[in-house]
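> structure for the following, please:
(one chain, ligands or ions: 1)
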Amino acid sequence: MNKYTKILAVVLVAALKACTPQPQSTADARVEALLKQMTLEEKIGQLMQKNGDHPQLHDLIRAGKLGSVLNEPNPEKVYELQRLAVEESRLGIPLLIGRDVIHGFRTIFPIPLGQAASWNPALVEEGARIAALEAASQGINWSFAPMIDVTRDPRWGRIAESYGEDHLLNGIFGAATVRGFQGSDLAAPHTIAACVKHYAAYGWAEGGRDYNTVSIPENELHDIILPPFKMCIDAGAASVMTAFNEINGIPATGHIPLLRDVLRHQWGFEGVVLSDWESLTQMVTHGFTPSNKEAAYMAMQATMDMEMASTAYETYLPELISEGRISIKQIDDAVRRILRMKFDLGLFDNPYPFLGDFPPLLAPDHLAAAKQMAMESVVLLKNEGVLPLSTGIRRIAVIGPLADAPHDQMGTWVFDGKKENSVTPLQSLRELAAEQGLEIYYHRALELSRSRQITNLPAIMRDVQRADAVLLFIGEESILSGESHCLANIDLPGAQEELVQRIAAAGKPTAAIIMAGRPVTFEKVEPYLGAVLYAWHPGTMGGPALVDLIFGKASPSGKLPVTFPRHVGQIPMYYNHKNTGKPASDQTWERLDDIPAEAPQLSIGNTSHYLDYGFEPMYPFGYGLSYSSFQISNVTVETPRLKAGENLRVSFTLTNTGQMEAAEVVQLYTRQLFGSRTRPVRELRAFEKITLAPGQQQQHVFEINTRELGFHNPDMVFVTEPGTYHLWVSNCSQSGTQQSFEIIR
Ligand code: GLC
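Have a look, this model is predicted:
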């Protein structure tokens with residue numbers, strides 16, 4: 001065997017090792033062997049994560065004093081950083097290279113809130129797989145996603161990044177993203193580690209103001225906030241990120257009960273816990289610890305492993321150890337978890353997986369998947385015969401600030417997407433016009449979604465007059481949602497309402513396509529619109545996806561993952577609310593204008609509603625229309641009486657009663673009528689997205705264990721209680737024929 005065949009053999013063995021999942025014993029043995037060789041300084045170094053532009057990055061890596069780098073997406077620089085770690089540091093421990101790959105790397109998928117609107121977990125998983133492929137090809141091995149912060153507040157900018165108001169949806173889509181990122185072998189070159197965030201209750205911020213105070217009853221914390229995290233950890237998530245906020249007075253990053261007692265001891269999570277950016281030292285700002293040293297102490301006691309960006313661990317852990325307040329064992333436990341993640345990623349056997357073969361960024365199948373996801377995320381909220389545009393429509397006025405907004409259509413948290421790769425609706429419309437001889441009259445009308453001045457209104461109205469139909473692309477620029485981008489007013493920004501009203505005056509069939517990072521309140525203009533497609537921020541392929549829907553190449557199939565309020569003053573408004581002792585109804589809400597003068601004090605009201613905005617949302621959770629029509633029939637509760645621990649089975653038939661192939665999302669909701677605590681009027685328990693041709697039927701059976709109907713009772717014991725339950729098999733959280741079943745002792 002000559003020297004070349006020897007080198008080839010070594011490379012092949014290394015590559016083979018890297019792709020072979022480490023059996024527990026081998027990886028653990030390698031971790032222990034390495035741990036024994038490490039100095040205390042090197043151990044503490046593994047607990048640190050620095051930004052890619054840190055001035056001392058190379059020195060720290062050479063000295064073995066760094067465990068991870070974030071925000072370095074340049075593969076040549078990543079190679080140099082990794083080479084320094086592996087070839088120039090004493091023990092050659094490779095780096096974790098982290099990045100916010102939230103909804104795509106270069107191929108940008110719809111924002112997570114839009115992906116949730118697809119109600120298609122397989123598609124969400126495929127999107128995450130593609131994001132991981134593209135990110136891994138650039139040297140990234142750790143994504144700070146999925147974000148599964150359940151929230152009921154569209155004022156909060158990061159609702160865009162969540163999967164909405166329901167904990168089951170957040171859990172299902174979070175777990176799908178974990179699977180997509182990590183695949184079946186985390187050591188494979190094209191997979192990256194997931195990081196479930198933000199633990200915990202970040203979306204419960206007071207007033208929808210980012211980073212703000214979270215006060216939440218223990219039972220809601222355990223029944224709503226924590227289940228999605230458990231689903232993601234059960235899906236194998238490699239890491240968890242702590243939240244900026246406090247929970248009932250204790251900042252998440254030092255929250256011993258949630259981190260050490262629940263995450264570690266109850267759930268047995270042995271992965272890495274990472275702080276958010278400086279969230280460790282923010283414990284001082286919160287007023288929880290008097291110093292960064294005490295913050296480091298609390299975080300370590302809570303078993304928080306790696307500190308993002310701030311320097312409390314490297315500065316104070318040596319002191320805390322010499323004072324005997326933190327033990328070497330605690331340090332070793334944290335280092336062990338970090339080393340184990342690096343072994344699981346295969347980094348010790350192949351620190352440069354990105355040098356291997358990868359498909360190109362923006363590969364055709366990546367773009368096709370992004371287009372499919374964009375199509376399935378769009379929700380048809382209204383349609384009075386305007387869509388799909390009929391073949392007789394030859395002249396189309398395309399108006400609005402989001403028709404040709406390649407940057408904004410990508411949405412928030414897009415570090416590595418490039419606007420030049422976006423295909424906008426205007427571009428796709430012009431392409432179609434060239435093929436089909438259509439005439440497109442385009443007017444931006446507003447420079448930005450926030451602009452208060454409509455430009456060229458006379459010219460706009462002239463073109464609207466000569467058009468057969470109007471497509472209005474309105475909504476929010478991407479900067480108006482995302483981290484710390486919260487709004488007290490969620491109406492359409494700028495002069496968009498005026499724009500809609502002026503155009504409507506022409507009386508032409510008008511469809512609005514709304515792009516936004518949250519539900520916006522547009523009740524004032526809804527009457528002027530013949531159709532509304534809600535596109536969220538649809539990503540790189542938003543244009544082709546929307547044009548296919550507008551012209552009926554496919555039917556919209558999205559359903560709302562979040563309630564749309566009529567007015568911001570109604571927030572919080574969500575589907576799985578309690579009944580209260582005085583629920584409102586149409587009969588109990590006197591409209592403001594109907595109230596007589598000098599109305600006696602007790603003559604109106606007496607139920608839970610607003611005199612001015614009533615008690616119902618504009619659109620409810622789970623709502624979405626189709627170009628076709630469906631019938632849900634033969635709903636049969638196959639287990640009308642069952643014992644706790646048995647499976648509830650409910651069958652139904654879905655029929656496409658329309659003229660077009662389309663998909664319907666059939667949803668199963670239950671309600672426990674009476675309990676040791678009051679229970680929500682509806683809770684989503686399962687769903688199935690079914691595509692049918694016109695006239696086609698399909699039978700389906702929902703089967704869930706009664707455990708899934710459980711909750712934490714007043715003694716904080718998780719129970720499924722006997723009694724009468726209602727259920728609905730429906731296409732929205734406010735429809736469906738009510739049926740019942742009994743759980744008996
Ligand atoms: C942040 C975000 C977090 C993100 C981190 C790194 O401020 O809260 O979600 O992963 O910084 O960019």
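
> regarding residue 190, what is its secondary structure?
coil (DSSP: H, G, I helix; E, B strand; the rest coil).

> now swap in residue 684 and tell me
Assignment for residue 684 (three-state DSSP): strand.

> shaky segments in this structure?
Along the chain, segments meeting pLDDT under 70 span 1-25.

> what residues does it have near the ligand?
Taking C-beta under 6 Å from any ligand atom as the contact definition, the chain meets the ligand at 100, 144, 197, 276-277, 483. Backbone N, C-alpha and C define where each C-beta goes, glycine included.

> and the residue nearest the centre of the chain, what does it touch?
Taking C-alpha atoms, centre = their mean, the centroid of the chain lies closest to residue 162, which sits 3.1 Å from it. Neighbour list for residue 162: 112-113, 116, 147-151, 170, 203 [criterion: C-beta atoms under 8 Å, 6 or more residues apart in numbering].

> take those residues and lay them out in a markdown table including distance to residue 701.
A markdown table is the format used below for the contacts of residue 162 (distance: C-beta to C-beta, whole Å):
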| residue | distance to residue 701 |
| --- | --- |
| 112 | 30 |
| 113 | 30 |
| 116 | 24 |
| 147 | 33 |
| 148 | 28 |
| 149 | 32 |
| 150 | 28 |
| 151 | 32 |
| 170 | 25 |
| 203 | 33 |
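
> inside helices: which ones of those?
112-113, 116, 170 (DSSP state H).

> ok, and the most crowded of those?
Within the ones in helices among the contacts of residue 162, neighbour counts (other C-beta atoms under 10 Å) peak at residue 112, which reaches 33 neighbours.

> just checking, that residue touches residue 163?
Yes: in this structure, residue 112 is within contact of residue 163 by C-beta atoms under 8 Å, at 5.7 Å.

> list residues touching both of those two?
With contacts taken as C-beta under 8 Å, 6+ apart, residue 112 and residue 163 have 146, 173 as neighbours in common.

> what sits up against stretch 66-75?
So stretch 66-75 is contacted by 45-54, 57, 60, 78, 81, 85, 93, 95-99, 137-140, 142, 144, 306, 308-309, 338, 354, 415-416 (C-beta under 8 Å, 6+ apart).

> so which bits of it are buried?
66-73, 75 (16 or more other C-beta atoms under 10 Å).

> look up the closest residue to residue 222, ignoring the ones flanking it.
Take residue 222 and drop its neighbours on the chain: the residue closest to it by C-beta to C-beta, 6 or more residues apart in numbering is residue 712, 4.9 Å away.

> any idea how far that neighbour lies from residue 362?
47 Å (C-beta to C-beta, to the nearest Å).

> what's the answer for residue 110, then?
Applying C-beta to C-beta to residue 110 and residue 362 gives a distance of 16 Å.

> more neighbours: the two, which one.
Each of residue 110 and residue 362 has its neighbours counted (other C-beta under 10 Å); residue 110 has more, 34 against 17.

> in a helix, the more buried one, correct?
No: counting by three-state DSSP, residue 110 is not found in a helix; it is coil.

> one step back: can you flag which of the residues of the chain next to the ligand belong to helices?
Per DSSP H, the subset of the residues of the chain next to the ligand in helices is empty.

> show me the strands in the stretch 201-350 of the chain, by range?
With strands called from DSSP state E, counting those that start in this stretch, the stretch 201-350 of the chain shows them at 239-242, 246-247, 250-251, 272-274, 307-308.

> likewise for the stretch 451-600 of the chain?
Under DSSP E, counting those that start in this stretch, the stretch 451-600 of the chain gives strands at 469-475, 510-515, 531-534.

> okay if I get those strands as JSON lines plus mean neighbour count?
Formatted as JSON lines, these follow (neighbours: other C-beta atoms under 10 Å):
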{"stretch": "strand 469-475", "mean neighbour count": "28"}
{"stretch": "strand 510-515", "mean neighbour count": "26"}
{"stretch": "strand 531-534", "mean neighbour count": "25"}
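
> got the ones you listed as JSON lines, with distance to residue 398 columns?
Converted to JSON lines, the strands of the stretch 451-600 of the chain look like this (distance: least, C-beta to C-beta, whole Å):
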{"stretch": "strand 469-475", "distance to residue 398": "5"}
{"stretch": "strand 510-515", "distance to residue 398": "10"}
{"stretch": "strand 531-534", "distance to residue 398": "14"}
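
> which one of the strands of the stretch 201-350 of the chain lies closest to residue 537?
Residue 537 lies closest, by C-beta to C-beta, to one member of those: strand 239-242, at 22.7 Å.

> can you list the strands that that closest one pairs with?
strand 195-199 (parallel), strand 272-274 (parallel) (DSSP bridges).

> out of these, the one nearest residue 503 is which?
Evaluated over the strands paired with strand 239-242, closeness to residue 503 peaks at strand 195-199, with 41.1 Å, by C-beta to C-beta.

> tell me the buried residues in the host helix or strand of residue 179?
Using DSSP states H and E, residue 179 sits within helix 167-182. Counting neighbours by 16+ other C-beta under 10 Å, one finds that the buried residues in helix 167-182 are 167-182.

> and which of the residues you listed is nearest residue 497?
residue 169 (30.6 Å).

> what helix or strand does the closest residue to residue 699 other than its chain neighbours sit in?
Among residues not flanking residue 699 along the chain, residue 653 sits closest, at 5.3 Å (C-beta to C-beta, 6+ apart). For residue 653, the enclosing helix or strand under DSSP H and E is strand 647-656.

> would you list the phi and psi of residue 356?
phi -80, psi -170 (degrees, to the nearest 10).

> distance of it relative to residue 546?
Taking C-beta to C-beta, one finds residue 356 at 36 Å from residue 546.

> who has more neighbours, the two?
Using other C-beta under 10 Å, the more surrounded residue of residue 356 and residue 546 is residue 546, with 29 against 14.

> isn't the more buried one up against residue 378?
Yes: in this structure, residue 546 is within contact of residue 378 by C-beta under 8 Å, at 6.9 Å.

> picking up where we left off before, and the contacts of stretch 66-75, which are buried?
By the neighbour-count criterion of 16+ other C-beta under 10 Å, the contacts of stretch 66-75 include these buried positions: 45-50, 52, 54, 57, 60, 78, 81, 85, 93, 95-99, 137-140, 142, 144, 306, 308-309, 338, 354, 416.

> who wins for proximity to residue 721 among the strands of the stretch 451-600 of the chain?
Closest among the strands of the stretch 451-600 of the chain, using C-beta to C-beta: strand 531-534, at 37.7 Å.

> which residues does the closest one contact?
By C-beta under 8 Å, 6+ apart, the list of residues contacting strand 531-534 reads 117, 378-384, 386-387, 510-514, 516, 522, 526, 546, 549-550, 556, 558, 560.

> from the buried residues of stretch 66-75, which two are the most distant?
67 and 75 (20.2 Å).

> so for the one residue in the stretch 351-500 of the chain that gets nearest to the ligand, what's the nearest residue that isn't a sequence neighbour?
Nearest residue of the stretch 351-500 of the chain to the ligand (C-beta to the nearest ligand atom) works out as residue 483 at 5.6 Å. For residue 483, ignoring the flanking residues on the chain, the nearest one in space by C-beta to C-beta, 6+ apart is residue 158 at 5.9 Å.

> is it true that the one you found touches residue 148?
No: counting by C-beta under 8 Å, residue 158 stays clear of residue 148, with 11.4 Å between them.

> more neighbours, the two?
residue 148 (33 against 29).
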